[in-house]
Each structure stands twice: as C-alpha cells, then as structure tokens.
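Trainee: Need a 3D model of the following:
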Amino acid sequence: TGALRSPGRLLPPARPAESLNGRVDTGIEQGDEISRFYDPMIAKLITYGATRDRAITHMRDALNEFFIRGVAHNISFLAALMVHTRFMTGRISTNMIAEEYPNGFHAADVPHDDPALLISVAAFLHRRYMDRAAEISGQLLGHERVVKNDWVVLMGGERYPVHIDPAEGGYDVVYMGESYQVRSEWQFGYPLFKGTLNGTEICIQVERRDMIYRLFHWGSQADVMVLSPMVAELQALMPVKAPPDLSKFLMSPMPGLLTKLSVQVGQEVKAGEELAVIEAMKMENVLRADHDAKVAKILAAPGDSLAVDQAIIEFE
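Mentor: Prediction:
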C-alpha cells in the first residue's frame, strides 16, 4: 500500500469507544516512544456484527474515530478499504491491493463519496473560528470584526460558494441551493468533529494547519481552505509554488539504521536495482532505484542512524 514503518513519539490519541460491537487491543499510551526496535503493529481494532455488512459498518465508524499522530500509520488505508466496492461485496483476493493501488495508497488521491459533507464541516469549522475571533475583548471601538455569511470553500482545486447562517447548536450551510444543517458541540483543538449533518451522525478527523483544514473521513484526505469571496478571487491569481526537485537523490523514507550500501560512486544502476538497506522496526527495508541513473555521491555510510528524508545517495 506504500505504508512505511514510522518510529516517533505518540501524540494524544483518540480511540473509538469500546462497546459490544468493538474493542481496541493495544499497549501504547500518549507520549510513548515508538522506536525503530518496536514491532510495527501498535494496535488492533476488532468489530462485531450479526452480519458481515454490520461488522463492516462498525469497523468503518470506529476507524473514523481512531486518531493517531506522531507516527505514520495505515488507518486511512483501512478506512478506504471498508468502503471499497470490492471489499464490501466480498470480491477480494490476495492481488486486490496490487490491482486497486498499483502505485501505493495515498489518502489525498481518494475521492470522497459525499463532497458536500466535507464542504459543510469545513464551513462550520471556519465560521466557528471567525466567530470566536469576533468575540475577543479589547477591540478598537468602531473597528470590531464583523463576520459575514458568504464564503468560498476551496477543495480539490475547485471553488464552492457557500452561505453560512448561525443556528441553535451549529450552523446552516447553503451549498448549490441545498441547505445542510450542521450541529456539533465540537471544541477548538479537538481532533474529532462529532455531530450531525441533517440529523445523521458524523465523525470526521480534523487538523488546522495555518489557513488549511485537513479533513479525514472514510479513508479520504482533503485539504480545505475557506476564504472570503474577495480573498478567493485574489488567491486564484497566486502562482503555484513548485516543490523542490529531489529526483537526483535517494532519500531515507523512515528513521532507521543504514545496514548496507549496494552501490559505489560512478556505478550505473538500472530501475529496480537494489541501492541500500535500512533496518527499522524489526524489518529490513530494501531501497531500489526507480529509474536508470549513475551514482555521483555517497552521502551516508553503513552504521549511520538516518532521519526521515535524509539524503543517502546523489545521482548525476
């Protein structure tokens, strides 16, 4: 799936509540250090239902409530699997992952079945932050913040105008002519948004990163911004910042111990050829070339402890 072992310090987790339909088996707690000597399985989630469909539903809902940060994990992949048609209908085989995710699993690439859900929740979150800012005491008389009701939600490269009205226990969000009643007692900083959308219970994982709301639901990840109409127009004119080109480097995908270098300076390598081996979390991880290249520099030596994204080899 592309998931890699990831040592790190566990941030405050949120686990699904245990019930007759599910439980969590784990030995980790907030602040635990998951070292490279740790077994990669840190928790096990088990759900029960009278039918397979009910068990899947309980698992899907529990995964939405399972929040872990500080280490990389496969919760989004498992959540996406629970709503995948092949899995839900039982048309699975040992080749399913390779067939459905030939380039690995990436939550940001998973389209959400109900974009209106994410748009409505993002609108709720942003309006809640704006309303709090308007209530700050000591504002200059005559220059108090006024929160407008019209906003633009940016998600997946698209712009969605919305109208947000305060309501008892939440907000009413009007999007494409439809009204979505979002109700929640969500508190600032809490990673789980629990509430109702038009009376249906929902749970979405939320992170606020500067101007971006990162939402996780059913295995899908969406980075959302909510802007005023004027700012949205200006934002559309901003140039896109290209990420740095790291194709000339072999980077360590995880913290670990470099146990083997399989190439030398000046050596020409072919795509798929072994370059190095990193030991992490009781596993040896073989790094291979993804294209033909010639080795220009060796930037690490066997026995080195590597950090994630540390350069190991530079190619010409």
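Trainee: Below-threshold pLDDT in the chain: ranges please.
Mentor: Within the chain, the stretches with pLDDT under 70 are 1-6.
Trainee: Roughly how far does the nearest residue to Met130 once chain neighbours are set aside sit from Arg208?
Mentor: By the measure of CB to CB, 6 or more residues apart in numbering, the closest residue to Met130 outside its immediate chain neighbours is Val147, 4.8 Å from it. No exception for glycine: its C-beta is placed from N, CA and C like everyone else's. For Val147, the distance to Arg208 (CB to CB, to the nearest Å) stands at 17 Å.
Trainee: Val295 bridge partners, please.
Mentor: Counting by DSSP bridges, Val295 is bridged to Phe315.
Trainee: I'd guess the residue nearest to Met130 is in a strand, am I close?
Mentor: No. Counting by DSSP: H, G, I helix; E, B strand; the rest coil, Val147 is not found in a strand; it is coil.
Trainee: burial of it, as a residue count?
Mentor: Applying other CB atoms under 10 Å, we find 15 residues neighbouring Val147.
Trainee: Pull the contacting residues for it.
Mentor: Val147 makes contact with 127, 130-131, 134 under the criterion CB atoms under 8 Å, 6 or more residues apart in numbering.
Trainee: taking these one by one, which sit in helices?
Mentor: Per DSSP state H, helices hold the following members of those: 127, 130-131, 134.
Trainee: can you pick the most crowded of those?
Mentor: When neighbours are taken as other CB under 10 Å, the top entry among the ones in helices among the contacts of Val147 is Arg127 (23 neighbours).
Trainee: in the sheet, who's paired with the closest residue to that residue other than its chain neighbours?
Mentor: Leaving aside its sequence neighbours, Arg127 sits nearest to Ile164 (CB to CB, 6+ apart; 4.8 Å). Using DSSP bridges, the bridge partners assigned to Ile164 are Val173.
Trainee: Am I right that His291 sits in a helix?
Mentor: No. Using three-state DSSP, the assignment for His291 is coil, not a helix.
Trainee: How about it: what's its closest non-neighbour residue?
Mentor: Setting aside the residues directly before and after it, His291 is nearest to Ala271 in space (CB to CB, 6+ apart), at 5.2 Å.
Trainee: And for the one you found, the neighbour number?
Mentor: Count around Ala271 with other CB under 10 Å applied: 10.
Trainee: quick one: which helix or strand includes it?
Mentor: According to DSSP states H and E, Ala271 maps onto no helix or strand at all.
Trainee: Need the phi and psi values for the residue nearest to Met130.
Mentor: For Val147, the backbone dihedrals (degrees, to the nearest 10) come out as phi -90, psi 120.
Trainee: Check the gap between it and Ile278 for me.
Mentor: Separation of Val147 from Ile278 (CB to CB) stands at 50 Å.
Trainee: Over to Gly157?
Mentor: With distances taken as CB to CB, Gly157 is found 35 Å from Ile278.
Trainee: Neighbour count: these two, which is higher?
Mentor: Neighbours were counted for Gly157 and for Ile278 using other CB under 10 Å; Ile278 has more, 25 against 5.
Trainee: right, and the more buried one touches Ala300 too?
Mentor: No. Taking contacts as CB atoms under 8 Å, Ile278 lies outside contact range of Ala300: 10.0 Å.
Trainee: Which residues in stretch 295-313 does the neighbour count mark as buried?
Mentor: Residues of stretch 295-313 classed as buried by neighbour count (16 or more other CB atoms under 10 Å): 295, 298, 300, 304, 306, 310, 312-313.
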